[in-house]
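Visitor: Okay, predicted coordinates and the sequence, questions at the end:
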Amino acid sequence: MPDWREEIAGRLSSLKLDSSRENEIVEELSQHLEDRYNELVSGGARDEDARSAVLMELDYENLLAKGLLRTVSKMRPEPPLPGGGEHNSFASVWQDLRYALRQFQRNPGFALMAIITLALGIGASTAIFSVIDNVLLEPFPYKDAGQIVHPRVHGASQGPDEGRQGFSPDELLALTGQNHTFDSMIGTADDPVLYKHGAGVEWLSGADMTPGSFEFFGMPALYGRVLQPADYKSGAPPVFVLRFKTWKAHFNGDPSVLNKIFVLNGTARTLVGIMPPRFGWYDADVWIPRTPHPGISIGFAGLPQLWFILGRPKPGVSIAQASSDLTGILSRLAKLRPQDYPNRFQVFVIQIGNSGAGHFESALYTVLVAVALLLLIGCVNVANLMLARATSREKEFALRAVLGAGQGRLVRLLLVESLVLAIGGAALGVLIAWGGLKLIVAMIPPDSIPAESVIGLNAPVMAFTLALAILTPLFFGLAPALQAARRDLNNPLRDGGRGVVGGFRTARLRDAAVVIEVAVSLTLLIGAGLLMHSFLALRDVSLGLQPDHVFKTMLLLPPDRYKTAQQVSTFFRPVLARVKAIPGVVDAAESSSVPPNNSQDSKIEVSGKSPNEQWHAQLQNVDETYFRLLRIPFETGRGFTEDEVNDARKVAVVNRRFVSTYLSGEDPIGRQVKIAELKNVADSLREPSFEIVGVVDDVSNQGAPGYGRGGLEAPIEPQIWVPYTVSGSGERALIVRTSGTPMALMDEVQHVVWATDPGVALMYPDALDHMIGQRWYAGPRFALLLMIIFGCVGLILVTVGIYSVLAYTTAQKTHEIGIRMALGAERAIVLRLVILGGLRLVLAGVAVGLCASLLLGRAVESELWPGVKPYDPLTLASTVSLLLATGALACWIPARRAARVDPMVALRYE
Amino acid sequence: MTPDVEWKKVSAELLILSLVEARPRHGYEISKLIEQRSNGAVRFYVASLYPLLYRLEKRGWLQGRWVEKSGQRRRRYYRLTSEGQKVLASQRRGWQAFVEAVNRITEAEHA
């Protein structure tokens, strides 16, 4: 007997029925044919004849296919929503997918344009999100990093980011031992390390770690082991742990250094472990075990050693509870040493990472908003392309509807096409993000992100990109899809496709898309313009010194041999003389710090004024050459003489801010200033009173932007300079003015230093203008550059968007234009018609964009230089002109093409 | 649609609806009954019968159900729905009026 099922299935295949329905029909019909065949055979017909008779009935006038097409294909249920449970939905989505791919193959220009547009948006978003994820959301690789907090002593009159984060050993021991709200608490202290290397010593950034620190972080060593409780017992052999990056840089990643002995700060220590790459706590090169003891301990450069504290609150303990617990403990200590605490203080408990990226955080979020806008422009652009294309596909949709596709089915098909585009865009976008990240990482200002952050495309970032790929089609695909499905699907089959292009509704949607695009792009450009204005304002701020052609380096003196002022000057006198003798060197000076970095803060008293608890100034120790070398001008009085410095006389120079703050309207020369801090250091002065001999112009001393205040927008603080020879304590820097390239001096300066004392190391050697560029300008420049890049990409996308819409509508109007020209319209009139049509949209977009920018302005205000307002007229005027010019260009090209139309060709045009 | 097509369509629907009025039947049975009762004058091939059944089902006049009887393969039986009954009644009236009208016209010529 013939296989009826196969015969029927073959005839149904072209109908593309839903498979379960098809199976039922095949079953039912094959039974019928079988019965009919049996009937014929039992009635005496030959097998052959019976078979052909049955098949003739099956194929009779092709009624089966026609009838089923009308009934069964319409009987099919609407396509189920994802997860609707229909078992064949995957198969039909697969069918849509293949269809979409074929569509794009047929029209690769459209697909490529859409994918590139989306890729720019998705790529930029991915890149910025990965910076944010790695820097702000999950910068630390430590155990339960989200739970780790650090305390800060905060006075009632201090700004929200101000306060003291360093704690004395007494405070550390009290907080650790007496708190009721923390599971564990550890301390870390700066401990610069001199490590013998070659002809002299090198400096490594060291960190002292209290017992339990490595258990706290919960990260095992990559090689060897971490510090253990036994390392803290008295008499235990001295050990240390090394950072991965330092191991690579100093020892070429040679594993044989493990368990070798190194002389660090004069102590022979065994290297017991090398940490994995992401462990970078305190940005240190080496971690050293140290148990804090009660009393004041002197650390680096004769200054009191202070501990930075980390803690992990007990489960269920709120930040407020932890904060009041610690405030209670320190309030008891404050009764013994009130001078260490501000008035009405509180201990803030802050999550780590919240302050890690500081100022950089808001810049990153600003940029994230910018890329989101970019992505929005990209989506609108693609939506526009799809709307235009949908119009030209009207006939196809109508045919599909006639063949039984419901509206839901059409919407799904178009959404699948959008999804394919978005996935293509995401794939290309990941490549763009990968390249862009390399650029961004190179541009990120130093010290603005935690040392532990590794910026790259990790799993959360890829999940973010995938989410974008799935969500963006809803933005750019849904409107065109609904639009296409809603249209009257019978008309296109009847007429020749001429007439009002795509219907008024589609035209309105396309116009709206252009208006949105222009508005968003203007917002982005205004943002970039405001940041540029801010940056120019920042560059205009006078530093009060001349930073070019200056080499600077901190010098790390072995603490055991440099305790007194005498010992320090015995080292510096010959070093300064030898450096001055190097060819090309103009001048050399000694200083305790390098501006615009801030100096040590000290409480002060001024003679003739009643003592005020709040009076303070930054204290800097310098030699007689310092002001001349940095070209800092004197307002009144004079600088130090060589004798005054050599004899360590108690004379002082102050800045203008000092005078205007504490001695307003009075003559400062000859006044005595008492500097309290000089009593606290290792070789304290019995009578730290200094006579003011000169006043200099204000020099920037706000410190680098980032933590708390700081940055050039902060006010300059009162400052006082004294001869560096008055105290053996304090940091030491060497500043050299040269006629050539500053960094070319590096080796010779190192040679001179080591020739004088091979135990002294150079720390942070750099050209002064380079350092300022990196630490003061790189942050704003980073945000500015990104905004300019994204602003330009946005502008290009908008240009393409306006152009493609106008080119499309103009092409569709060719017939109309031809008639007008045949009736005698001038080319100029046609040109004007098209350009005005486009500019109308651009102007509407500009109006919307201006309103949006003014509303959004408040959000970026914190990013702007204090003098620059969000409604800065210069910025608004220049960005609007730029956008209008670009818009006019985008309109002009299709307009010119329209004006060149040959009326005869246009009239034939279909 | 021409009047010719219209009445052919209505008559086909009427035939099927009336055949399942008494009890549910499967497609082959329906086609056999039409052939037998018309003495072979009216025939519904598989190609036209089933699309029509599905259409009536879609309109809600028939309801098809797979029925399994012991020892036999399952078959799809069509039952008249209550809505189908109303349609059948109205089509019958219409058909009778039509036939009567035709008869009156044709008989008048013979008279």
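Guide: That came in fine, so what should we check first?
Visitor: Chain B against chain A: which residues are in contact?
Guide: Listed as neighbours of chain A in chain B under the rule CB under 8 Å from any CB of the partner chain: B:26-28, B:31, B:45-52, B:54-55, B:58, B:73, B:75-76. In this view, the C-beta of every residue, glycine as well, is placed from N, C-alpha and C.
Visitor: at 10 Å instead, please
Guide: Selection of chain B residues close to chain A by CB under 10 Å from any CB of the partner chain yields B:26-32, B:43-59, B:64, B:66, B:73-76.
Visitor: next helix or strand past the helix or strand where A:K196 lies?
Guide: Per DSSP states H and E: A:K196 is located in strand A:193-197. Next along the chain after strand A:193-197, taking DSSP H and E as the criterion, comes strand A:200-204.
Visitor: returning to that earlier point: filter the residues of chain B next to chain A down to the buried ones.
Guide: B:26-32, B:44-57, B:64, B:75-76 (16 or more other CB atoms under 10 Å in any protein chain shown).
Visitor: Can you give me the distance of A:R51 to A:Y60?
Guide: 15 Å (CB to CB, to the nearest Å).
Visitor: Compare neighbour counts for the two and give me the winner.
Guide: Taking neighbours as other CB atoms under 10 Å in any protein chain shown, A:R51 and A:Y60 compare with A:R51 leading, 19 against 15.
Visitor: which ones are touching the residue in chain B that chain A sits nearest to?
Guide: Using CB to the nearest CB, the closest approach of chain B to chain A is made by B:P51 at 2.4 Å. Contacts for B:P51 (CB atoms under 10 Å, 6 or more residues apart in numbering or on different chains) come out as A:I25, A:L63, A:L64, A:A65, A:K66, A:G67, A:L68, A:L69, A:R70, A:T71, A:V72.
Visitor: do the same with A:V749
Guide: A:551, A:553, A:555, A:575, A:578-579, A:582, A:585, A:588, A:734, A:736, A:762, A:765 are the contacts of A:V749 under CB under 10 Å, 6+ apart.
Visitor: and it, what pLDDT?
Guide: Predicted confidence (pLDDT) at A:V749: the value is 93.
Visitor: just A:R656 next, same as before
Guide: On the pLDDT scale, A:R656 gets 95.
Visitor: Repeat that for A:E910.
Guide: Reported pLDDT for A:E910: 48.
Visitor: Chain neighbours aside, what residue packs nearest to the residue of chain B closest to chain A?
Guide: Once flanking residues are discounted, B:P51 sits nearest to A:G67: 2.4 Å by CB to CB, 6 or more residues apart in numbering or on different chains.
Visitor: same question, A:A481
Guide: Using CB to CB, 6+ apart, the nearest residue to A:A481 is A:L414, at 3.6 Å.
Visitor: element containing the one you found, please.
Guide: helix A:407-443.
Visitor: Likewise for A:E605?
Guide: Going by DSSP H and E, A:E605 is in strand A:600-606.
Visitor: Dump that strand to PDB, keeping only the CA atoms.
Guide: C-alpha atoms of strand A:600-606 as PDB (Å, rounded to 0.1, in the frame of the first residue of the first chain):
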ATOM      1  CA  GLN A 600      52.500  69.000  57.100                       C
ATOM      2  CA  ASP A 601      49.800  70.900  59.000                       C
ATOM      3  CA  SER A 602      50.600  72.600  62.300                       C
ATOM      4  CA  LYS A 603      48.700  74.600  64.900                       C
ATOM      5  CA  ILE A 604      50.100  78.100  65.300                       C
ATOM      6  CA  GLU A 605      50.100  81.100  67.600                       C
ATOM      7  CA  VAL A 606      50.900  84.600  66.500                       C
END
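Visitor: Just checking the distance from that strand to the centre of its chain.
Guide: Centre-to-centre, strand A:600-606 and its host chain are 39 Å apart (CA atoms, centre = their mean, to the nearest Å).
Visitor: just stretch B:87-107 next, same as before
Guide: 16 Å.
Visitor: Please work out which residues outside that stretch touch it.
Guide: For stretch B:87-107, using CB under 10 Å, 6+ apart, the contacting residues are B:7, B:10-11, B:13-18, B:20-21, B:56, B:59-61, B:80-81.
Visitor: what about 6 Å?
Guide: The contact list for stretch B:87-107, computed with CB atoms under 6 Å, 6 or more residues apart in numbering or on different chains, reads B:L14, B:L17, B:W61.
Visitor: Select only the buried ones of those residues in PyMOL?
Guide: Restricted to buried positions by 16+ other CB under 10 Å, the PyMOL selection for the contacts of stretch B:87-107 reads:
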select buried, chain B and resi 14+17+61
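Visitor: what's the distance between A:T553 and chain B?
Guide: A:T553 sits at a distance of 89 Å from chain B (criterion: CB to the nearest CB, to the nearest Å).
Visitor: coming back round to it: got the angle between the helix or strand that the strand holding A:E605 is followed by and strand A:600-606?
Guide: Per DSSP H and E, the first helix or strand lying C-terminal to strand A:600-606 is strand A:616-622. Here strand A:616-622 runs at an angle of 110 degrees relative to strand A:600-606 (axes from the mean of the first three to the mean of the last three CA atoms, to 10 degrees).
Visitor: since we're on A:T246, how many residues are nearby?
Guide: For A:T246, the count of nearby residues is 17 (other CB under 10 Å).
Visitor: Pull out the CA atoms of the helix or strand hosting it and give them to me as CSV.
Guide: Secondary structure assignment for A:T246, by DSSP H and E: helix A:244-251. Extracted in CSV, the C-alpha atoms of helix A:244-251 (Å, rounded to 0.1, in the frame of the first residue of the first chain):
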residue,chain,number,x,y,z
PHE,A,244,53.5,40.4,42.4
LYS,A,245,54.2,43.5,40.3
THR,A,246,57.3,44.3,42.3
TRP,A,247,58.5,40.8,42.0
LYS,A,248,58.2,41.0,38.2
ALA,A,249,59.8,44.4,38.0
HIS,A,250,62.7,43.9,40.4
PHE,A,251,63.4,40.2,40.1
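Visitor: pLDDT on it, on average?
Guide: 90.
Visitor: And the contacts of it?
Guide: The contact list for helix A:244-251, computed with CB under 6 Å, 6+ apart, reads A:V257, A:I274, A:M275, A:P277, A:D285.
Visitor: Check what pLDDT the residue of the stretch 201-350 of chain A found nearest chain B gets.
Guide: The minimum distance from the stretch 201-350 of chain A to chain B, using CB to the nearest CB, falls at A:P315 (60.7 Å). What the model reports as pLDDT for A:P315 is 92.
Visitor: where does it land in three-state SS?
Guide: coil (DSSP: H, G, I helix; E, B strand; the rest coil).
Visitor: Excluding chain neighbours, give the residue nearest to it in space.
Guide: Residue nearest to A:P315 in three dimensions, not counting chain neighbours: A:D183, with 7.9 Å by CB to CB, 6+ apart.
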